[in-house]
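Peer 1: Take this sequence and fold it.
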Amino acid sequence: MGIFKRLRDLTMASINDLLDKAEDPVKMLSQFLRDMEEDILEAETAVAKQIAIEKKFKQQADEAEDMVNRRGEQAMKALEQGNEELARKALQDKKEHQARFDEMKRQYDIAKTNADQLRGQLSEMKDEFGKMKNKKDLLVARAEAAKAQKQINQTMSGFGQDNAAKGFERMNEKVLQMEAEAEASKDIRNSNRTLDDELSQLDKGGGVEDELAAMKAKLAAKKQGL
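Peer 2: Numbers count the residues shown, from 1 in each chain. Got it, this is the predicted structure:
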């Protein structure tokens, strides 16, 4: 995988197209985020290496430039002291350091350009990653809402339909049957009453009346005694 392949391949348009075709958009977007996190870590390592190269060439260019300036001052000092040969040697060395400076400066400019480009791409990747995280949060919320709505719709689709209605009708018929059986049992019980049962009931009724009459007589006698 190229360092910035995800940035190049996973534009928001292509992501939206893939999400439309996905069976589980949330899982697919989560996988995209994990892939981009890995690419960002890889890119950060590459940028760090490029920055190190940039700094190395900058240091070498600065050192060469310092030597160019020093040899120029030394050549002038040697010439002032009448030592033309030493001045010539200093200028020759200055020329060599100038060539090294020119090369290191060229390499530094290239390295800096590459480092700046990688920094920009890394920043772009992080921005894209942030957009995708926000998109995922929104998508998760929408998916959960859709899932809940689907569950409610599926539940409501069978709520109060023929199966339930038929079930209630069967229960109603069973209750009616139980009530009819209870009424029939009562009729059978009444039809099976014997003469003794009827006479016993009369005796019970007379006993209460006799006792009540006796209590009334006793109460009347008590009032007369007063």
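Peer 1: care to break the protein down by domain?
Peer 2: 5-157, 165-225 (automatic domain parsing).
Peer 1: Out of those, which is the most enclosed?
Peer 2: When those are scored by mean count of other C-beta atoms under 10 Å, the highest mean neighbour count falls to domain 5-157 (a mean of 14). (Glycine included, C-beta is placed from N, CA and C.)
Peer 1: any idea how far that one is from the chain center?
Peer 2: 30 Å (C-alpha atoms, centre = their mean, to the nearest Å).
Peer 1: where are the low-confidence patches of the chain?
Peer 2: 1-23, 25, 157-165, 187, 189-208, 225-226 (pLDDT under 70).
Peer 1: in it, which spans are helices?
Peer 2: 5-9, 12-21, 25-80, 84-157, 162-191, 195-225 (DSSP state H).
Peer 1: got the CA coordinates for stretch 59-66 in CSV?
Peer 2: The C-alpha trace of stretch 59-66 is given here as CSV (Å, rounded to 0.1, in the frame of the first residue of the first chain):
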residue,chain,number,x,y,z
GLN,A,59,23.2,21.6,8.3
GLN,A,60,25.7,20.5,5.6
ALA,A,61,24.8,23.5,3.5
ASP,A,62,25.3,25.8,6.4
GLU,A,63,28.6,24.2,7.3
ALA,A,64,29.8,24.5,3.7
GLU,A,65,28.7,28.2,3.6
ASP,A,66,30.6,28.9,6.8
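Peer 1: contact partners of it?
Peer 2: 97, 98, 100, 101, 104, 105, 107, 108 (C-beta atoms under 8 Å, 6 or more residues apart in numbering).
Peer 1: which ones are touching the fourth one?
Peer 2: Residue 101 makes contact with 61, 64, 65, 67, 68 under the criterion C-beta under 8 Å, 6+ apart.
Peer 1: Closest one of these to residue 38?
Peer 2: For these, the residue nearest residue 38 by C-beta to C-beta is residue 61; the value is 35.1 Å.
Peer 1: Spatially, what comes nearest to that closest one if we skip its sequence neighbours?
Peer 2: residue 104 (3.8 Å; C-beta to C-beta, 6 or more residues apart in numbering).
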